[in-house]
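K.L.:
Just the structure for this:
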Amino acid sequence: MVFRLSNPYRGRGIADLGPMPRDSAAPVARLLALCPAHHVTPLVELPDLARRCGVARLWVKDESNRMGLGSFKALGASHAIAAEAAAHVVGDDWAHALRDRVLVCASAGNHGLSLAAGAHLFGAQAIVYLAASVPDAFARRLRARGARVARAGETYEQSMEAAERDARANGWTLISDSSWPGYVDWPLRVMQGYLQLAAEISEQIDTPPTHVLLQAGVGGLAAAVAAHVRKVWGDAPHILVVEPEAAPALIDSIRQGALTTTQGPESCMGRLDCKTPSMIALAGLARDADEFATLSDEQARRAVATLADFGLRTTPSGAAGLAALLAGLDLPRDARVLAILSEGPEDG
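P.N.:
You can find the predicted model right below:
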């Protein structure tokens, strides 16, 4: 590992950060029951990789084919949009529940795909803002799902600024997977969608994990899963949050005790390369996470190659939690480790 930081706020959180993440997946499950594309994703146990890492057991929640979108983020914006549609549907006309609405976001790819899919289902128009660093392949996938693509800025943060500005100017609805002072309702809905995979894990696993490894960009996935872990298993599991060395936004915020923007070069972990954390995610992880760590690009790339040998194809972003384990966390030999493969390979 590059750097590890014990969380001094564990159990109490940082004061005055705003709302905490939700921890119940029940409302999500009710909406997903109406979706024919929804299927539970597998929880895979890897005894050979566990032995290689020197731990007793290792489970991986494989999100590489979630709802045909290839990422856990299929649960986020789509859930938030479905909840909005449920509040406006007339009779059974779900296909036009959000007619004449324009839904926008900034994305490094996967959040935008979820927004595009949700907008298409309920009759809205999706516009996804992409930074110059986002590959053209993602832009093509977004257009194939009916979204308009707007290129804006060199970084995710700059594309987010453009999306927020244009949404305000045009009366569009901004659906971000991040949050900041004054903007919390939509991110709470997005993050609540991620609770579905955590609820599935708690039903699939045969014994509670002792260690949970969670990768983080703005932190939505990590915070949602951590909140559910604490609800289901209490204080016992040790939760470690992993960020790119180039974007230690949560670590810097924990150090400062406040929402903080960090600096760093571009990372190969593109979906995690976020320089400012979500305010809600920071609030939840300050309370629920035991430890934070950073990962180098080289460690993430090596993990992708290793996981492919075990039949798990992913990206450096998708592999980041497992990459921390492969980089040498020095866990007890009786450790039972849970990690999330958060997305499939970029080539599909």
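K.L.:
doesn't residue 137 fall inside a helix?
P.N.:
Yes. Counting by DSSP: H, G, I helix; E, B strand; the rest coil, residue 137 is part of a helix.
K.L.:
And for it, the neighbour number?
P.N.:
Around residue 137 there are 12 other residues, counting by other CB atoms under 10 Å. Quick note: C-beta positions are derived from backbone N, CA and C, even for glycine.
K.L.:
Now do the same for it: its pLDDT.
P.N.:
For residue 137, the model assigns a pLDDT of 84.
K.L.:
how about it, what does it touch?
P.N.:
residue 346 (CB atoms under 8 Å, 6 or more residues apart in numbering).
K.L.:
what's the answer for residue 90, then?
P.N.:
96, 97.
K.L.:
Shouldn't it be within a strand?
P.N.:
No. The assignment for residue 90, made by three-state DSSP, is coil rather than a strand.
K.L.:
Which elements pack onto the longest helix anywhere in the chain?
P.N.:
The longest helix of the chain (DSSP state H) is helix 185-204. When contacts are defined as 3 or more CB pairs under 8 Å, 6 or more residues apart in numbering; DSSP states H and E, helix 185-204 sits against helix 26-32, strand 43-45, strand 57-62, helix 77-88, helix 220-233, helix 279-288.
K.L.:
Would you tell me which one of these is buried the most?
P.N.:
Among the helices and strands packed on helix 185-204, the stretch with the highest mean neighbour count (mean count of other CB atoms under 10 Å) is helix 279-288, at a mean of 27.
K.L.:
So what touches that one?
P.N.:
7, 9-14, 17-21, 178-181, 184, 187-188, 191, 216, 218-220, 222-224, 226-227, 229-230, 239, 241, 250, 253-254, 259, 292.
K.L.:
follow-up on the earlier one: just the C-alphas of the longest helix of the chain, formatted as PDB.
P.N.:
Output of helix 185-204 as PDB, limited to C-alpha atoms (Å, rounded to 0.1, in the frame of the first residue of the first chain):
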ATOM      1  CA  ASP A 185     -31.800  15.000  -2.200                       C
ATOM      2  CA  TRP A 186     -30.800  13.400  -5.500                       C
ATOM      3  CA  PRO A 187     -27.500  12.100  -4.300                       C
ATOM      4  CA  LEU A 188     -29.300  10.400  -1.300                       C
ATOM      5  CA  ARG A 189     -31.600   8.600  -3.800                       C
ATOM      6  CA  VAL A 190     -28.600   7.600  -6.000                       C
ATOM      7  CA  MET A 191     -26.700   6.200  -3.000                       C
ATOM      8  CA  GLN A 192     -29.700   4.400  -1.700                       C
ATOM      9  CA  GLY A 193     -29.800   2.400  -4.900                       C
ATOM     10  CA  TYR A 194     -26.300   1.000  -4.100                       C
ATOM     11  CA  LEU A 195     -27.800  -0.500  -1.000                       C
ATOM     12  CA  GLN A 196     -29.300  -3.200  -3.100                       C
ATOM     13  CA  LEU A 197     -26.000  -4.900  -3.700                       C
ATOM     14  CA  ALA A 198     -25.100  -4.700   0.000                       C
ATOM     15  CA  ALA A 199     -28.500  -6.300   0.900                       C
ATOM     16  CA  GLU A 200     -27.800  -9.000  -1.600                       C
ATOM     17  CA  ILE A 201     -24.400  -9.700   0.000                       C
ATOM     18  CA  SER A 202     -25.900 -10.000   3.500                       C
ATOM     19  CA  GLU A 203     -28.300 -12.700   2.100                       C
ATOM     20  CA  GLN A 204     -25.700 -14.500   0.000                       C
END
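K.L.:
Now residue 261. Nearest residue, chain neighbours left out?
P.N.:
Closest residue to residue 261 apart from its sequence neighbours, by CB to CB, 6 or more residues apart in numbering: residue 276 at 4.5 Å.
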